[in-house]
Each structure stands twice: as structure tokens, then as C-alpha cells.
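**Q** Show me how the following folds:
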Amino acid sequence: MVTAQPGSKSPYLLLSALLISEALLVTGYGLQLMLLPIRGGIEGFSAVDLGLLGSSYYLGFVIGCLLTPVLLSRVGHTRTFAALVSITAAVAICYPMLVHPQFWALLRLLTGICLAGLYLIIESWINDRATSSTRGTMISIYVAINYIATAAGQMMVTLYDASSFLLFSVASILISLAVVPLALSRSPAPQPPILVRVRPFRLFSLSPAGTASIFLIGLSNGALWSLGPVFAFAKTGDLTSAAQFMSVVVLGGAIAQWPLGKLSDHLDRRHVLMAITLAAALAGVTVALLPQLGGPWLIFALLFGATVLPSYAVASAHVFDVADRSDYVQVSAGLLLLYGAGSTLGPILASFGMQWFGPAALAGFMAIVQLGIVGFVFARMRLNKLQVVGEKQSFDLVSTTPMAPAGIGSPQADAVP
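**A** I've put the predicted structure just below:
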């Protein structure tokens, strides 16, 4: 395939169609992300059933990380994107056709496979068009669109009755439309990827603190994304307030992601990681204990999002600090798979706590996990002094966000610091 020459056209213009497609896709999925646990609760699903939905998605995400590079190498980025969008849209409309936990779990598994592939394609495309002088800005725009579109989609759950068919239709329509801008774009697709072997468990010998933290962050964040709407709805009894809670959490992460990453460039990342995970534990428990929705509750929700969501970025940047540049592709893939494995287990474990002790157990589960990160990182710091390979790598969102499988099969992945 032909790759556009840098400077022939503005890279932002070349990527405008892709980013519009991304916005439509993530808005539709953000609506679905909020709608499913709410509708499941209305239909009488247990907390364990709802946890199974989240775990099924992340299991699919891990599978998608492994399968998508094979598809890309065979049929290319554009055809794979169109196929995965079509499947995701079709799945989105199937939920109200058969309201059953096991059937929904299967649909979530398929969604996870497709979303992993779609995120991979978007990041590969951005990497292919970016230069060293534009990559940071382009990735920042990409991350901002993800957060804003997710928050917007979550708020759309208030448009119609959650027990009706309409919200599923809206989500499917938005996801379906995501294929249009990219299909009509004249921007050349990236070269097919070079497949790499993924060995996530070898990362533990490279950076025990960073690797274990990634897995534990997956446990915590997977539970948040899957069961956070259930907790918020049980806390408030109001769908609009529950949507506001999740949107505020997401916006908190969007606001803090870049500043905390830059702060970790100037301090030992392990100190930053311990500080934000400790703050996340305290903020999460406070959110659970505050009796009523209001200004203080949303402020702590904002602080919770601002500390819990950027932790993946800081932990993965720490691993990159001690990795050799030639191993960056494998490191990116391995970290994402470990995060996905943790996210597969997290919703199930948290759902048992919610089943036995009530919705507030979600905050307790996440606090325990966050404190586990603090304890493990502190123990590792006492045992070993950090040995950075070469110069400390600057914080870079392209390789430090769990939103997409950064670097897996990306033709430009080895150029990312």
C-alpha cells in the first residue's frame, strides 16, 4: 500500500475522517457501556451476572488483541475496520432480542473482540501518519476524543427509557455510522503489520513493580467500567444522576492524564504511582460513604477519576523506562494483555462482594486493590533500586493508555519513545 509522505498534506487533515469515525464509534459504545448494567438491573440480573458481562468483554478484548494483527496482515486496515464496525453494530442491536445473562455475555465477548481490533486500527493509523513533531499532539487529540465521546455517550442514556428498545437502536446507529467517514476518506491506509510474539509473563522479570501494577490496575478499572453504573444507580436511584457520576469520573481522568504523566517524567514514577493509587483508594471510599448525591459527591467522583484512570499510564511508562527500545512492541502488547487479564477477573470478583455486601462493596474492592499496588510497589522499592535503560523515557500517551492495544503490529511502533 502507498503511505502518505509527511508534509504532503497536514497530518491532522489526513486523520480527520479517522477521528470522526472514532468519535462516532466511542459515543455509541459509551452509551452501550452505561446502558447494559442499568438495563440488566431492571431485568433482574444479579450483581454476579453483571460482573460476568464485564469479564466477558475483557476476555474478548484479549482475544481481539491476538486475532486482529492476523486480519490486518491478510486484508488490510480499511476492510478490517469496516467488518469489525459492522459486527459491533449488529451485536449492539441484539441485546433486547433475548434478555438473558448468558446470551448477553456472549454478545459482550464479541464486542470485546471487535473493539480491540478497532482501537488497534485507529492507533496504527495515527502512528503511521504521525511524525516525531506531531505525534504527541495527535495522540493527545485521540485520547481527548475518547474521553469526551465516552462521557457524551454515557449521558445519552437519559434520552429514552432504559427499558425500551430505543437506546440500543441509537447505540447501533452511532456505531454503524463510524464506518462512513473512513470509507469515504482518500487517506491511504497503513502498511500491513509485522506480527510479533507476545510474552507478557516475561515482563515480570523486567519490571516486577510495573507489571504487577498493570494487572492490579486491570482488576480495579475493569470492575469500575463494568459495575460503576450499577453502584451509581443503586446509590442515587436516578438514571440521570448515575450517568452524571460516570461522566464526571471519565472527565476527571481526562483532566489529570497528561499532568500526572508529565509529573512522573520528573520524579520516580513509582512514587507517583503510589501517591495516586493511595489517593484513588481514599477518594473511592469517600464516594461510597457520602450519603447523598450533590456537589461534594461529584467532586470526590472527579478526584476518583483523576487518580484511578491515569494509573495505567504511569505504571506502563515505568516499565518502558527499564525496557530496551527493540522490545517496545512486545512490551506494549504484553502490558495490554495483562491489563485485559486483570480486567477479566475484576468484575467477577467485585460482583461477588456487591452480591454479599451491597453496591458499596465495589468501592471497597477497588480500595483494596489500590492499596495492594501501594504495598507491592513500596516493597519492591525497598528491595531493588531502579535501573533505567538509557535515558528516562518521556511520558507518551500512545504507549501508555489502555484504551487501545498500542504498538501491537503497528508499523511505526518501534519509533515511539
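**Q** any low-confidence regions in the chain?
**A** 1-14, 127, 130-137, 139-140, 193-198, 200, 292-294, 325-329, 385-417 (pLDDT under 70).
**Q** And residue 187, its phi and psi?
**A** Note on residue 187: backbone dihedrals following degrees, to the nearest 10 are phi -70, psi 130.
**Q** now it: how far from residue 59?
**A** 33 Å (CB to CB, to the nearest Å). (Glycine included, C-beta is placed from N, CA and C.)
**Q** Would you map the helices across the stretch 51-200 of the chain?
**A** Assigned by DSSP state H, counting those that start in this stretch, the stretch 51-200 of the chain shows helices spanning 77-92, 101-129, 135-155, 166-177, 179-184.
**Q** Compare those helices and give me the one nearest residue 304.
**A** Closest approach to residue 304 among these is made by helix 135-155 (14.6 Å; CB to CB).
**Q** quick check: angle from the closest one to helix 101-129?
**A** 150 degrees (axes from the mean of the first three to the mean of the last three CA atoms, to 10 degrees).
**Q** what helix or strand is the residue nearest to residue 207 when sequence neighbours are not counted on?
**A** Nearest residue to residue 207, sequence neighbours excluded (CB to CB, 6 or more residues apart in numbering): residue 319, at 4.5 Å. Residue 319 is part of helix 311-321, with elements assigned from DSSP states H and E.
**Q** on that earlier part again, most tightly packed of the helices of the stretch 51-200 of the chain?
**A** Mean neighbour count (mean count of other CB atoms under 10 Å) peaks for helix 101-129 among these, with a mean of 23.
**Q** Packing partners of that helix?
**A** If you count contacts as 3 or more CB pairs under 8 Å, 6 or more residues apart in numbering; DSSP states H and E, helix 101-129 packs onto helix 11-42, helix 47-75, helix 77-92, helix 135-155.
**Q** re the thing from before, any chance of the helices of the stretch 51-200 of the chain in CSV, with distance to residue 370 too?
**A** Below are these laid out as CSV (distance: least, CB to CB, whole Å):
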stretch, distance to residue 370
helix 77-92, 31
helix 101-129, 24
helix 135-155, 21
helix 166-177, 31
helix 179-184, 38
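**Q** Those: which one's closest to residue 43?
**A** Nearest of these (CB to CB): helix 101-129, 8.9 Å.
**Q** ok now that closest one, how far from the chain's centre?
**A** 11 Å (CA atoms, centre = their mean, to the nearest Å).
**Q** how far off helix 11-42 does it point, in degrees?
**A** 170 degrees.
**Q** just the angle between helix 101-129 and helix 77-92, please?
**A** Using the same axes, to 10 degrees: helix 101-129 against helix 77-92 is 160 degrees.
**Q** let's have the chain start at 497 instead
**A** In the new count, where the first residue is 497, that last one comes out as helix 597-625.
**Q** returning to what we had before: quick one: closest of the helices of the stretch 547-696 of the chain to residue 834.
**A** Once these are compared by CB to CB, helix 597-625 is nearest, at 14.2 Å.
**Q** Tell me what angle that closest one forms with helix 543-571.
**A** Using the same axes, to 10 degrees: helix 597-625 against helix 543-571 is 40 degrees.
**Q** between helix 597-625 and helix 662-673, how big is the angle?
**A** Going by the same axes, to 10 degrees, helix 597-625 makes 30 degrees with helix 662-673.
**Q** Redo the helices and strands packed on helix 597-625 as a markdown table? Include distance to residue 739.
**A** Listed next are the helices and strands packed on helix 597-625 as a markdown table, based on distance: least, CB to CB, whole Å:
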| stretch | distance to residue 739 |
| --- | --- |
| helix 507-538 | 6 |
| helix 543-571 | 17 |
| helix 573-588 | 18 |
| helix 631-651 | 5 |
